[in-house]
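I'll drop the sequence and a predicted model, then ask my questions.
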Amino acid sequence: MSNKVAKLTLDGSTESIDLPVYSGTIGPDVVDVGGLTAKGLFTYDPGFMSTASCKSDITYIDGDKGVLLHRGYPIEQLAEHSDFLETCFLLLNGELPTAEEKTGFENSIRYHTMVHEQLYQFFKGFPRDAHPMAIMVGVVGALSAFYHDSLDITNAKDRELAAHRLIAKLPTIAAMCYKHAVGQPFMYPRNDFSFAENFLHMMFNTPCEDAKVNPILAKAMDTIFLLHADHEQNASTSTVRLAGSTGANPFACIASGIAALWGPAHGGANEAVLNMLDEIQDESRIEEFIKRAKDKNDPFRLMGFGHRVYKNFDPRAKVMRKICDEVLEDLGVENDPLFRIARRLEKIALEDEYFIERKLYPNVDFYSGIILKAIGIPTSMFTVIFAIGRTPGWISHWKEMISNPYKIGRPRQLYTGHTQRDYPAK
Ligand code: SDX
């Protein structure tokens, strides 16, 4: 345990409170404040700006250096040499799979891609123009109804089965959201397609023609899923951990993560970036929007810019920009006006004192939407894509917590309301 101590002294008291200090393998030390309650004190940290909620071996971020490691492997190397399912295995199990383990994992995911036929009935109740994230929250949460009774979260095998089911079924449900919106028949997954090929197949193919998928788009889709796979204790992952700490089943926990991801300050930003670029419309209007982003009286923010942790380039944004270049060129749309506006917007913002002073850089959401649009995915589905990619991260953090001793998460508060008062006599 710790051999370092932080001493806390309060004004007017001669007594100091010794708080243990722990060191991780890399990254900042942490001060264990668990003993403060016994001293009649709470810590106060709205937004958890300086709070480590747990210890974890899964992902490390150095925001100042723009470093992102999954089980020690840099995201740039995984994007270059790995694929989404191999990265899922790495996040879940801590090591890259052997060739045999990889084949076994791919097969397990492949044979869990279908959903219960009765799940199709759920879609009849949603309006055609329902936001797909509203459907995802509902339908993924409803998976509990099909598996709740066959799930013992204290059993490692049950936990692994739930993890595989969730990774495998999210793309199927996501594609069903799109087909429901466009009024086309749902497409069943195919066992002869890879993970990303299957998703594009279920999204864009119909029963009227032979199933085919553009391999360039499938590769780009796979890398986009990989880049979203995990990101330490972000808002949606922290939501999954808090839900999991009550003993809720993993399907309900992942549904809570999807709900938290939807917000425009988090996973909803990729959709907001495309809407922003559409609103800017022309490079001549960029300065106007930069001005608005800096105006404290204007709620407008430059979507896809800034990050709670990264005070340097988000390494995922650099990879995403490279994929953007490649995919748009492969598709012959390298002069895509939105991509041109995005590149120009990035250049202007990175040279502007306001953004430099606040260390605001493009994040993972800034370029992803442009690629997704080029692949043919509608803007309303962008955050759904993020949810598919983030599921292995969510479920790995859930598994890491549940597999070790844990306590229910229950923060306290600084109470600023009324002191006790009596109900007025009638
Ligand atoms: C994701 O946590 C994760 O890891 C998330 C994520 C993941 O993989 O899970 O990386 C995914 O959510 C990426 C972020 C996507 N969101 C956006 O792109 C939305 C736009 N960004 C902002 O809303 C904002 O930057 C946040 C929410 C991302 C971060 O907000 P913080 O850390 O609370 O910072 P802040 O709001 O306190 O901003 C600090 C200053 C403020 O100015 P001052 O009050 O100091 O004068 O920077 C300004 C802010 O006004 N600022 C921006 C800005 N982001 C911050 N000004 C204009 N445009 C922006 N985008």
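Happy to help now that I have it.

I'd like to know how many residues surround whatever residue of the chain ends up closest to the ligand.
Nearest residue of the chain to the ligand, counting by Cβ to the nearest ligand atom: residue 306, 2.4 Å away. Quick note: C-beta positions are derived from backbone N, CA and C, even for glycine. Counted with other Cβ atoms under 10 Å, residues neighbouring residue 306 total 22.

measure residue 339 to residue 304 for me?
13 Å (Cβ to Cβ, to the nearest Å).

going along the chain, name the helices of the stretch 201-350 of the chain.
Ranges of helices in the stretch 201-350 of the chain, per DSSP state H, counting those that start in this stretch, are 215-227, 235-244, 250-261, 269-280, 286-294, 315-330, 337-350.

just say which of the ones you listed is most tucked in.
Sort those by mean neighbour count, taking mean count of other Cβ atoms under 10 Å, and helix 250-261 sits at the top with a mean of 24.

which other helices and strands does that one contact?
helix 132-147, helix 156-182, helix 235-244, helix 382-402 (3 or more Cβ pairs under 8 Å, 6 or more residues apart in numbering; DSSP states H and E).

could you check the angle the longest one makes with helix 382-402?
Angle, helix 156-182 to helix 382-402, by axes from the mean of the first three to the mean of the last three Cα atoms, to 10 degrees: 170 degrees.

what's the average pLDDT for helix 156-182?
What helix 156-182 shows for mean pLDDT is 97.

before we move on, back to that, could you verify my assumption that the residue of the chain closest to the ligand touches residue 363?
Yes. Using Cβ atoms under 8 Å, residue 306 is in contact with residue 363, at 6.8 Å.

any stretches of this protein with poor pLDDT?
Per-residue confidence for the chain (pLDDT under 70) gives these ranges: 1-2, 149.

circling back: can you lay out the helices and strands packed on helix 250-261 as a markdown table showing distance to the ligand?
Shown next, in a markdown table, are the helices and strands packed on helix 250-261 (distance: least, Cβ to the nearest ligand atom, whole Å):
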| stretch | distance to the ligand |
| --- | --- |
| helix 132-147 | 14 |
| helix 156-182 | 16 |
| helix 235-244 | 6 |
| helix 382-402 | 7 |
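
turn those helices into a markdown table, columns for distance to residue 61.
Below are these laid out as a markdown table (distance: least, Cβ to Cβ, whole Å):
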| stretch | distance to residue 61 |
| --- | --- |
| helix 132-147 | 25 |
| helix 156-182 | 22 |
| helix 235-244 | 12 |
| helix 382-402 | 12 |
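
just these: most buried one?
helix 382-402 (a mean of 26).

give the burial count for residue 282, as a bare number.
By other Cβ under 10 Å, 9 other residues sit near residue 282.

just give the closest residue to it, not the sequence neighbours.
Once flanking residues are discounted, residue 282 sits nearest to residue 341: 7.5 Å by Cβ to Cβ, 6 or more residues apart in numbering.

hmm, the one you found is touching residue 277, no?
Yes. Using Cβ under 8 Å, residue 341 is in contact with residue 277, at 5.4 Å.

now stretch 104-114: buried residues?
Within stretch 104-114, the residues that count as buried by 16 or more other Cβ atoms under 10 Å are 105, 106, 108, 109, 110, 112, 113.

same thing with stretch 15-31?
Residues 17, 19, 20, 30, 31 are the ones in stretch 15-31 that count as buried (16+ other Cβ under 10 Å).

ok, those residues vs residue 327, which is closest?
Of all the buried residues of stretch 15-31, residue 327 sits closest to residue 30, with 40.9 Å by Cβ to Cβ.

if I look at the residue nearest to residue 135 when sequence neighbours are not counted, how far off is residue 187?
Distance criterion Cβ to Cβ, 6+ apart; nearest residue to residue 135, sequence neighbours excluded, is residue 177 at 4.8 Å. To residue 187, residue 177 is 13 Å away according to Cβ to Cβ.
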